[in-house]
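Chemist: Give the three-dimensional model of this entry:
(2 chains)
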Protein chains: 2
Amino acid sequence: MNNNLLYERRQRLLGSGAPLFYQDPIHIVRGEGVWLYDANGKRYVDMYNNVPCVGHANPRVVEAMREQNATLNVHNRYLHEGILDYAERLTARHDESLSSVVFTCSGTEASEVALLMARAVTGGRGIICSDAGYHGNSTEVRKLSRAGAGSNSNAEIRAIPYPQRYRPISKDVQGEELTGLYLKEVQSAIDGFAADNIPFAGMFVCSILANEGLPDIPAGFMPRAAELVRKAGGVFIADEVQAGFCRTGRWWGYEVSGFVPDIATMGKPMGNGMPLAGVTAAKEQVDVFRKNTSYFNTFASSPLQAAVGMAVIDVIEQEDLCANVVDVGTHLRMALEDLQKNCEPMGDIRGYGLAIGLDWVKDRETKTPDREGAVVVVNRLKDKGFLIGNAGASGNVLKIRPPLVFGREHANLFLSAFEETMHELYVNNEN
Amino acid sequence: MNNNLLYERRQRLLGSGAPLFYQDPIHIVRGEGVWLYDANGKRYVDMYNNVPCVGHANPRVVEAMREQNATLNVHNRYLHEGILDYAERLTARHDESLSSVVFTCSGTEASEVALLMARAVTGGRGIICSDAGYHGNSTEVRKLSRAGAGSNSNAEIRAIPYPQRYRPISKDVQGEELTGLYLKEVQSAIDGFAADNIPFAGMFVCSILANEGLPDIPAGFMPRAAELVRKAGGVFIADEVQAGFCRTGRWWGYEVSGFVPDIATMGKPMGNGMPLAGVTAAKEQVDVFRKNTSYFNTFASSPLQAAVGMAVIDVIEQEDLCANVVDVGTHLRMALEDLQKNCEPMGDIRGYGLAIGLDWVKDRETKTPDREGAVVVVNRLKDKGFLIGNAGASGNVLKIRPPLVFGREHANLFLSAFEETMHELYVNNEN
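Modeler: Residues are numbered from 1 along each chain as shown, chains lettered A, B, ... in the order given. Coordinates of the predicted model:
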């Protein structure tokens, strides 16, 4: 079936406008490691997907899923060791203060649990978020998503301008002073809730501000924001759905941002594609949440989730993928910085490990975001067999976020194609 | 590891109060068909779990999951035929007006989508629900759960007393008149929203009122309520998470209740334990939802969900499990009605197919719910190797809801144990 017919069927069966990537969407039929194959046999290096973190169709994950599914898969109102072994293994990777877990099926559900927990433990309602974040698609969680700094559509949510150094909130302000300006935004949101008689519950942001476009966060902002939040009686919730599981070269994004959250959500890479997500916090906080909500999730905390989640941690540890992320991430980053010198639109290179953002600009001086340019690059690279995306607050940040098994050899293939693309789009045009 | 140590670890790792079944929880390690096995090798007939509808560890589902997982499992922003084939197959089982699908990972997420969709297509906010329903655990969906008829905690939600014939809203009223009384409640909720200037969005109930305790619904209530709702500009949302997939002997609960919803949610049995749920509605309504929300769900609409969902429908159809439900359900129901004659506490036997509720009462005259009695029976049957639960608005309804592959032979084993239990608890005590 050709792509047009597939697209037509899709519009009919899934509704018009179910989101698709690329100007000419691709029809993917097979995956293996970092490779994806389309229906014509063309292969692509997957440099977008963080979910299949240990690689597409990883045989150990496939086998763990099969074996558990053939043995037992049932809800969590019977005793079962698997989920406890997994919870123990998972929390052992976290700061010791984060010792208990609530499992869910999706990042959205994890955000829901985190919000319910924050509100249960504080008795508050008001939540601070960033103005360009995304934490899920439910009615409540949507309120936190790209909430818009000036928006007052929901009195319980206040968005602050996301902290960044490339286009700072006040021009020419840097260093300690810049950190101070963003912290002022946090304090002013806290004060705003107080003025409106909305008891404060906490702050909820991605540890590395992934959806904001992976900005360089002004030094010390995260730990000091957490301090302000706690001083006001709130809890600090770190969204680790994108940042976690060695994406940054550390196990958790909060490690690279230098803080410890009170509550952390986890998701995407956790089950290598099997729906698996969760929330970790201190036992006392999880206890309060359980008591207040009688939370139960039919498909979560299952033996299947546990077996798959365990296999993913096994592979990450045994293949030392954290070290691979550091090695390949550094290699790729340095090569991109080299290319940047002769590539005007590559305004800024940011990120951590194998989460790299290239801020595409109309010119280096004004730093005007060039979303259209970014989209052209993304589609051109797709044609050459490399899958990346565009993201960020203005959609102008090239998002490079391959499976953790991405190697130097794949990075080198990409770098050639990227350089070629730059020549085609920019150098040749100038001649 | 003994159960006490397991329990202690569980309290520590998952938080105190993560829900468990039975006074002495059981430690289940293996499942096959309708059988569950504990760590000591004791086996139980599973008469509770509707999720593994085609049986625990069904080999066709296990193989479909393995094969797809070994081939491709990725999000839905690339084209893929599997999810379209599945959407086509699934909607073909529905009324032809329900032609498009939004897939999700859980019933809660499906309820979220249904609410967002109802509000998007009507432009309204007000939702009518039942006073003893359950549709999920997110912040918004929780508002619909056991909302309490008199509660005004949320102006956008109004709960009506759930329609029933056993303990009717007005004593000694029956038939057409009783239906009329419950319809008045619906109209009065609609009028209440209008009086409060809250634009009406619709009504959201389980097609067979499963959590309410499977009441006999006064004749014609559902289609006539849907009529009232539509006349007021609302949409009627049927929760098919428990009612769907042949549980009642028909594919959908709305078929036994004699109506067609505008929006239907699906979940639990859909993936036989793999997180898979969804919402179906007319394409026009799904289009509006897509346009309003840009909804995307990382783990949903995946090739894995599609392959597993397809295998479940394959087994249901090829083993004609709908017919099995009718056959075994009728057999079990008739035998229970026979036992009821000499069993005072079995006040009422209700339900459809293999969803059977036994309303446990202190005496037949007053119909006073006997939750404690029901709990004793549930635990005694567990000791004898039969897993059922207690549910309903007062927790006094014995809930019999086995996998669809439950056969007459299993029903007969249960009936012997049940009769024995009745003798032990009631007849002997009276001697």
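Chemist: Next one: residue A:130, what pLDDT does it get?
Modeler: Residue A:130 carries a pLDDT value of 97.
Chemist: Bridged to it, which residues?
Modeler: For residue A:130, the beta-bridge partners are residue A:160 (DSSP bridges).
Chemist: Could I get the contacting residues of it?
Modeler: A:147, A:159-162, A:205-206, A:209, A:212 (C-beta atoms under 8 Å, 6 or more residues apart in numbering or on different chains). C-beta coordinates here come from the backbone N, C-alpha and C atoms, glycine included.
Chemist: please redo it, this time with the cut-off set to 10 Å
Modeler: A:144-147, A:149, A:159-163, A:185, A:203-206, A:209, A:211-212, A:215, A:239, A:393 (C-beta atoms under 10 Å, 6 or more residues apart in numbering or on different chains).
Chemist: Buried ones among those residues?
Modeler: A:144-147, A:159-163, A:185, A:203-206, A:209, A:211-212, A:215, A:239, A:393 (16 or more other C-beta atoms under 10 Å in any protein chain shown).
Chemist: In strands only, show me the residues you listed.
Modeler: Taking DSSP state E, the ones among the buried ones among the contacts of residue A:130 that sit in strands are A:159-160, A:203-206, A:239.
Chemist: could these go into JSON lines alongside pLDDT and distance to residue A:296?
Modeler: Formatted as JSON lines, those follow (pLDDT from 0 to 100; distance: C-beta to C-beta, whole Å):
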{"residue": "A:159", "pLDDT": "96", "distance to residue A:296": "32"}
{"residue": "A:160", "pLDDT": "97", "distance to residue A:296": "34"}
{"residue": "A:203", "pLDDT": "98", "distance to residue A:296": "28"}
{"residue": "A:204", "pLDDT": "98", "distance to residue A:296": "23"}
{"residue": "A:205", "pLDDT": "98", "distance to residue A:296": "28"}
{"residue": "A:206", "pLDDT": "98", "distance to residue A:296": "27"}
{"residue": "A:239", "pLDDT": "98", "distance to residue A:296": "23"}
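Chemist: so can I have TSV of those residues showing distance to residue B:29?
Modeler: Formatted as TSV, those follow (distance: C-beta to C-beta, whole Å):
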residue	distance to residue B:29
A:159	48
A:160	49
A:203	42
A:204	38
A:205	41
A:206	38
A:239	35
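Chemist: Just name the closest of those to residue A:374, please.
Modeler: Residue A:374 has its nearest neighbour among these in residue A:206, at 20.3 Å by C-beta to C-beta.
Chemist: Flag every buried residue along stretch A:178-195.
Modeler: For stretch A:178-195, by 16+ other C-beta under 10 Å, it's A:178-179, A:181-183, A:185-186, A:189-190, A:192-193.
Chemist: Now the terminal residues of stretch A:89-109, how far apart.
Modeler: End-to-end span of stretch A:89-109 (C-alpha to C-alpha, to the nearest Å): 21 Å.
Chemist: ugh, typo on my part, it should be stretch A:379-398
Modeler: End-to-end distance for stretch A:379-398, by C-alpha to C-alpha: 11 Å.
Chemist: mind listing the strands for the stretch 1-150 of chain A?
Modeler: Assigned by DSSP state E, counting those that start in this stretch, the strands in the stretch 1-150 of chain A fall at A:28-32, A:35-38, A:43-46, A:100-104, A:126-130.
Chemist: same question but for the stretch 151-300 of chain A, I mixed them up
Modeler: Counting by DSSP E, counting those that start in this stretch, one finds strands in the stretch 151-300 of chain A at the ranges A:157-160, A:200-206, A:235-239, A:263-266, A:277-281.
Chemist: so which of those strands comes closest to residue B:257?
Modeler: Closest to residue B:257 of those, according to C-beta to C-beta: strand A:277-281, at 34.3 Å.
Chemist: ok, residues contacting stretch A:166-181?
Modeler: For stretch A:166-181, contacts defined as C-beta under 10 Å, 6+ apart pick out A:160-165, A:182, A:184-185, A:213, A:215-222, A:224-225, A:347-348, A:350, A:357, A:359, A:361, A:367-369, A:393-394.
Chemist: Residue A:362 contacts residue A:396, doesn't it?
Modeler: Yes. Shown here, residue A:362 and residue A:396 form a contact pair, counting by C-beta atoms under 10 Å, at 9.3 Å.
Chemist: more crowded one of these two?
Modeler: Neighbours were counted for residue A:362 and for residue A:396 using other C-beta atoms under 10 Å in any protein chain shown; residue A:396 has more, 25 against 16.
Chemist: Return the residues of the stretch 301-431 of chain A in contact with chain B.
Modeler: A:301-305, A:308, A:387, A:389 (C-beta under 10 Å from any C-beta of the partner chain).
Chemist: Return every residue with contacts to both of residue A:362 and residue A:396.
Modeler: Between them, residue A:362 and residue A:396 share these contacting residues under C-beta under 10 Å, 6+ apart: A:345, A:347, A:368-370, A:372-373.
Chemist: Could you work out the most separated pair of those?
Modeler: A:347 and A:372 (14.4 Å).
Chemist: before we move on, back to that, secondary structure and neighbour count for the shared contacts of residue A:362 and residue A:396 - can I get that in CSV?
Modeler: As requested, those are exported to CSV (DSSP: H, G, I helix; E, B strand; the rest coil; neighbours: other C-beta atoms under 10 Å in any protein chain shown):
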residue, secondary structure, neighbour count
A:345, coil, 21
A:347, strand, 24
A:368, coil, 14
A:369, strand, 21
A:370, coil, 20
A:372, helix, 13
A:373, helix, 18
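Chemist: Contacts only, for residue A:285.
Modeler: Residue A:285 neighbours (C-beta under 10 Å, 6+ apart): A:97-100, A:117-118, A:120-122, A:235, A:262-263, A:279, B:15.
Chemist: Which single residue of the stretch 1-150 of chain A ends up nearest chain B?
Modeler: Closest contact between the stretch 1-150 of chain A and chain B, by C-beta to the nearest C-beta, is at residue A:15 (3.3 Å).
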